[in-house]
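[1] next come a sequence and a model predicted from it.
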Amino acid sequence: MMRWHRQVAHVLAKDLREQSRLAIVHLALLGASTTAVVREAIFAPDLPVGLPTLLFLALQACGPLVIAAAVLGDRPADPTAFWTSRPFYPSAVATSKLAFAAIVIALPVLLAQWVVLAVYHIDQPMAARLIAVSIGWIGAVIVLGAVAASQTRTLRTVALLGFVAATVLLVGTFGQAFWGHALGSWARPLRWASMGALLTILFAAYARRETSWVSRLVAGPFALLAIASVWSGPAPTTSRAAPRDLMTVVPMLQSTTGAVHGPSIPDLSLTLAVPSIPSAYARRLKSARAIIWLRDGSEFEVPARPFGQAELGHPVVPADLQARWLTPAESIEPGRTAVIADVDSTDWRRMAGGVDSITVLGSIAVDSAYIAARLPFTSGASMSLPGFRGQIQMATHTDTMAAATIRARSFSGGTNPDLRFIIGGSRMNLALVNRTRGEAAALSFSGWSGGVSFAGTPPLNVTTGTLQVQCCNHLRSDARPDDAWLSHAELIVYGQRFVGSYPFRSSASFGGRPILPD
Amino acid sequence: MAIIDVRGLSYRYGRHEVLRDLDFWLPEGAFYALLGRNGVGKSTLLQILMGLRRAPRGEVRVLDTPVRALTIAQRATIGYVAEGQRLPGWMRLEQLEAYCAPLYPTWDRALADQLRDRFALDPKRKLRTMSRGDYMKAALLVSLAPRPRLLLMDEPFTGIDVVVKDELVRGLLGVAGEDGQTVVIASHDVGELELLCDWVGIMVNGAMAVSEPLEDLKARYADDLDAAGEPTLRELFARIASHERTPFAEVA
């Protein structure tokens, strides 16, 4: 008699031939999806919008159908099925189906996953974590497809069930957080328990050679539980492991329109720039909080906001700074930036001291071929650029007009490859300070004042006199000769995959006497 | 020795009871015609004998073993051709033979070749492109080639023309006659079965109305039917099956 393991191989060989066309379609979709992601990583091309998504969806639909077709080729509950009339070990037939899925679906997908992760230089722990998530997801796809096929008669019925499951998943897009919180730490054990239960149902169907309403009744809730627990994703973590190679999150000081009335400074906005995330991978910002360190030594925090829920407005510490997260839970397109937070300030003196650095902590939901995970990120930007020295020169032209010039004395991009293409711009904040009264009387803001471009390859060094920008400001009507202008300026540096803001502080007064030391 | 022994078997589809307290047995080497009107439970009975359905009540023994306890080795000695048998249609006949052969230690390659020649089947032809008749011949080929001790066939002649039927019958007679196999055929083709069978079972109302050697049955009904000669199986079947509402005792 043919031994059990030989029967597994025997049926597996038959299935590989029988389902070769579907398997080729699946592999082609996987190849196309992987190629799109890799091309995006290497060449950053503008792929047609939705192509990676379409490939992703097609792949998600194809996987369960492939395994379902294999199971329906030897249906467990069909008296007319060929295998039931032959001396097969039922468990060998069931095992061969899982082996088929492992060879045709799981291994190629994991291989593609590994290639993509390697292309993105994902560090090993993060890659292992993503692969583990993938294994869980693929396992769910395989088991759900196999069990659905074992309890039904045709591929069409399986496709219908798949459509229902996909709808549940889509609805779960905004229910994901709910499932994550509802299941909590039980998500993982429940996932494996439900998978185990579904596998038991599959093997039982083969062993009994028949299905019953009881098995269908039991399979339904377990399938939903498996979907919910897989979809809920890994529990959010506060790990500081930063997948920097996957994404570069750069908070950026960004001015909005300047206030010309009243003592205020421009709003502070945090801009999330994720230039290196392929669209097939990153999807949604899930949560973020920011810690802003000011140059006067104090700090305040823009509290965490879970995106997708009601927008929160938090007073921050100290209470005179108000922060507001802006972006709803929307897709983060690769190569673009999104303003995610806005900090209003009425305490211009605090901000006038300058922002030293900003750290943003949060997580991004990552959906990809068989990946649904949350990646925590911790990213920050120091608001100073090593090697940069700037100086502001000021002069009054009339009683009501002042002009300022930024003169870059030296600038070094070092060997940072991200700085291989740079466009420089600047903007300037001008504050009117009445030193006599010891208080701030007014603030004016110039807005964008022009830009000068640099281009080069690393190491890049720009030296004296290469950046010169002028701006003019109308003096306030209540300006007095003894008023002084305190100027802050910043240099905006863009790279191909890089955005940075480097304010520097220099001061000048009408009389040419600095009122604050550099 | 009884190769099949069924006691008190009942089976229902939902609320509809198909088999009711069914008893019958079959000696080894018998060629058994299982007759009954449509929906009387013949296919269900064969599926239970194959272990494809689990009967909630009754005892079913095949090869002197409870059917659910049959080992793979024992199953390899049972052949089964289902009504509407599904073969892997994407395979060529030669591929089907190659797929089945390793499963049976008793697979007779020479017999397979012989049957293929006798049935005039093209080994290169894909099963799904075959006619209904050739399809059933292929199913019969892979069921006979292992030389099973017990062959269960459910409506093998349905939808097949007379010429093919004749070929199938001759093929069956040739192989089964040589080996002393036990063959159970459920069919409506009483005329064909009369050529083949030496035992007959007639199901009425989900129970076995008669199950005995054909000769005994004919002898028992010879006077009753007022036939000129020996009653035919068709006449016996028509007489017994028409008493659907009549308890077996009264029919007998």
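    All right, it came through fine.

[2] and the longest helix for the chain?
    Using chain A here. helix A:124-150 (DSSP state H).

[3] sorry, I should have been clearer: chain B.
    helix B:162-179.

[4] re the thing from before, how about the longest helix of chain A and chain B, touching?
    No: Helix A:124-150 lies out of reach of chain B by Cβ under 8 Å from any Cβ of the partner chain, never closer than 15.2 Å. Where you see a C-beta, it was placed from the backbone N, CA and C, and this is true even at glycine.

[5] next secondary structure after the longest helix of chain B?
    Downstream of helix B:162-179, the first helix or strand assigned by DSSP states H and E is strand B:182-186.

[6] other SSEs contacting the next helix or strand after that following strand?
    Per DSSP H and E, strand B:182-186 leads on to helix B:190-196 as the next helix or strand towards the C-terminus. The contact analysis (3 or more Cβ pairs under 8 Å, 6 or more residues apart in numbering or on different chains; DSSP states H and E) places helix B:190-196 against strand B:31-36, helix B:162-179, strand B:182-186, helix B:233-241.

[7] show me what the helix or strand where residue B:5 lies is packed up against.
    Following DSSP H and E, the helix or strand that holds residue B:5 is strand B:2-13. Using 3+ Cβ pairs under 8 Å, 6+ apart, the elements in contact with strand B:2-13 are strand B:16-27, helix B:42-49, strand B:57-62, strand B:182-186.

[8] show me which residues of the stretch 1-150 of chain B are close to chain A?
    B:43, B:47, B:50-54, B:72-73, B:75-76, B:79-88, B:90, B:99-100, B:102-105, B:143.

[9] what bridges to the residue most central in space within chain B?
    Against the mean C-alpha coordinate of chain B, by Cα atoms, centre = their mean, the closest residue is residue B:185 at 2.3 Å. With DSSP bridges as the criterion, residue B:185 is bridged to residue B:33, residue B:153.

[10] ditto for residue B:12
    Assigned bridge partners for residue B:12, using DSSP bridges, are residue B:17.

[11] ok, now how distant is it from residue B:184?
    Residue B:12 is 22 Å from residue B:184, where distance means Cβ to Cβ, to the nearest Å.

[12] got it, and residue A:197?
    In terms of Cβ to Cβ, residue A:197 sits 39 Å off from residue B:184.

[13] which of the two has more neighbours?
    residue B:184 (25 against 19; other Cβ atoms under 10 Å in any protein chain shown).

[14] how much space separates that one from residue B:232?
    21 Å.

[15] could you do residue A:76 as well?
    Taken as Cβ to Cβ, the span from residue A:76 to residue B:232 is 42 Å.

[16] settle it for me: which of the two has more neighbours?
    residue A:76 (26 against 15).

[17] which one of the helices and strands packed on helix B:190-196 has the lowest average pLDDT?
    Per-stretch mean pLDDT for the helices and strands packed on helix B:190-196 is lowest at helix B:162-179 (a mean of 75).

[18] thought residue B:232 was touching residue B:193?
    No: using Cβ atoms under 8 Å, residue B:232 is not in contact with residue B:193; the gap is 10.9 Å.

[19] next, the angle helix B:162-179 makes with the helix or strand in which residue B:110 is found.
    Assigned by DSSP H and E, residue B:110 belongs to helix B:109-118. Interaxial angle of helix B:109-118 relative to helix B:162-179 (axes from the mean of the first three to the mean of the last three Cα atoms, to 10 degrees): 160 degrees.

[20] can you report how many residues lie near residue 64?
    Because you didn't say which chain, this covers chain A. Count around residue A:64 with other Cβ under 10 Å applied: 26.

[21] not quite, go with chain B.
    12.

[22] got a pLDDT number for the closest residue to residue A:223 other than its chain neighbours?
    Of all residues not flanking residue A:223 in the chain, residue A:144 sits nearest, at 5.8 Å (Cβ to Cβ, 6 or more residues apart in numbering or on different chains). pLDDT recorded at residue A:144 is 89.

[23] same deal with residue A:104?
    Reported pLDDT for residue A:104: 94.

[24] now do the same contact list for the residue of the stretch 101-250 of chain A found nearest chain B.
    Proximity to chain B, evaluated over the stretch 101-250 of chain A using Cβ to the nearest Cβ, is greatest for residue A:209 at 5.3 Å. Residues counted as contacts of residue A:209 (Cβ atoms under 8 Å, 6 or more residues apart in numbering or on different chains) are A:76-77, A:79, A:84, A:90, B:51-52.
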